[in-house]
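[1] Below are the sequence and a predicted model; questions follow.
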Amino acid sequence: MLDLIILSLHFLICFLISIAIWRGPKDMDLHSSSTGTAEVELEGLILIGKEDDIKKSRRITAKVSGREVLVFYHEGKFYAMDSRCYHEGGPLCLGEIEDINGQACIVCPWHKYKIALETGEGLYEGINPLEPSPTPQWQSKGVKQRIHKVTIDNGNVYVNPPDFSVSFDSDYFAEKYKHGGELAIKK
C-alpha cells in the first residue's frame, strides 16, 4: 500500500513539473532585446549574453534561430546544445552534469539519458555478452544532440546559428518546442 502511495506521488510530482515547464517562462533576456530572442551581432554569430552573467548562473536558455539553446559554463569551458533531450524532449536545463570517463555529460532529468557536452554523443553503459565475464563499459550511441559552437568576444558569449544541412535526433524536439510545446509545421 505504501508503495502505491509513493508511486502515485511520484507521478503527480512529475506531472506538475511537466506542466510548470510547459507553462513557465520561455527565455531569459540578458541582452536587452525587445523581441526576447538573441540578436545577431558578431560576423553572423548570435549574442547570448554577458560572459560574467553566464559564469555566475552556470547555464542559460536562449532562442537561437527560433529554437531553444542551452548554454553551459562548466569547469572553465562554455558549451551549447539544443535545450531538449533527443530521446523524449526532456528539459536539459534541469539536468545534472556528471563526469563519465573524463567527459562532462548532462543527464536528462526525465529518463537519465547521458549526453556529452562537447560532442552531443548519447552515452550508455553496456556489456559485451560474448566476453566470459562481461563488465559494463560506457559506449557511444553516436551524436544525437545538436551542439552549437560557442565564441567569447569582448566579454560577450555568442553561438553559431545551427547548420541545418546536417540533422540530429534532437532536431525533432527543438522544432516541437519552438512554439510553446505545439509541433511546429514547416511550410
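    Received, thanks.

[2] can we go C-alpha only for contacts and neighbour counts from here?
    Noted.

[3] Can you read off the pLDDT for Leu130?
    pLDDT for Leu130: 88.

[4] count of neighbours near it?
    7 (other CA atoms under 10 Å).

[5] where's it relative to Lys176, distance?
    Distance of Leu130 to Lys176, given as CA to CA, to the nearest Å: 40 Å.

[6] who's Asp153 bridged to?
    Beta-bridge pairing for Asp153 (DSSP bridges): Asn156.

[7] And for it, the neighbour number?
    For Asp153, using other CA under 10 Å, the count is 12.

[8] So that it lines up with my notes, have the first residue be 33 from now on.
    Sure, I'll start numbering at 33, so the last one becomes Asp185.

[9] Tyr145 and Phe196: what is the separation?
    Separation of Tyr145 from Phe196 (CA to CA): 24 Å.

[10] And for Glu130?
    For Glu130, the distance to Phe196 - CA to CA - is 29 Å.

[11] same deal with Ser202?
    12 Å.

[12] of these two, who's got more company?
    The neighbour comparison of Ser202 against Phe196 (other CA under 10 Å) goes to Ser202, with 24 against 8.

[13] Can you report phi and psi for the more buried one?
    phi -70, psi -20 (degrees, to the nearest 10).

[14] can you tell me which residues contact it?
    114, 116-119, 121, 176-178 (CA atoms under 8 Å, 6 or more residues apart in numbering).

[15] swap in Pro166?
    Going by CA under 8 Å, 6+ apart, the list of residues near Pro166 reads 159-160.

[16] all strands of this protein, in order?
    Ranges of strands in the chain, per DSSP state E, are 71-72, 78-82, 91-96, 99-106, 109-114, 128-132, 135-139, 146-148, 153-158, 169-175, 182-185, 188-191.

[17] Which stretch among these is buried most, on average?
    strand 146-148 (a mean of 26; mean count of other CA atoms under 10 Å).
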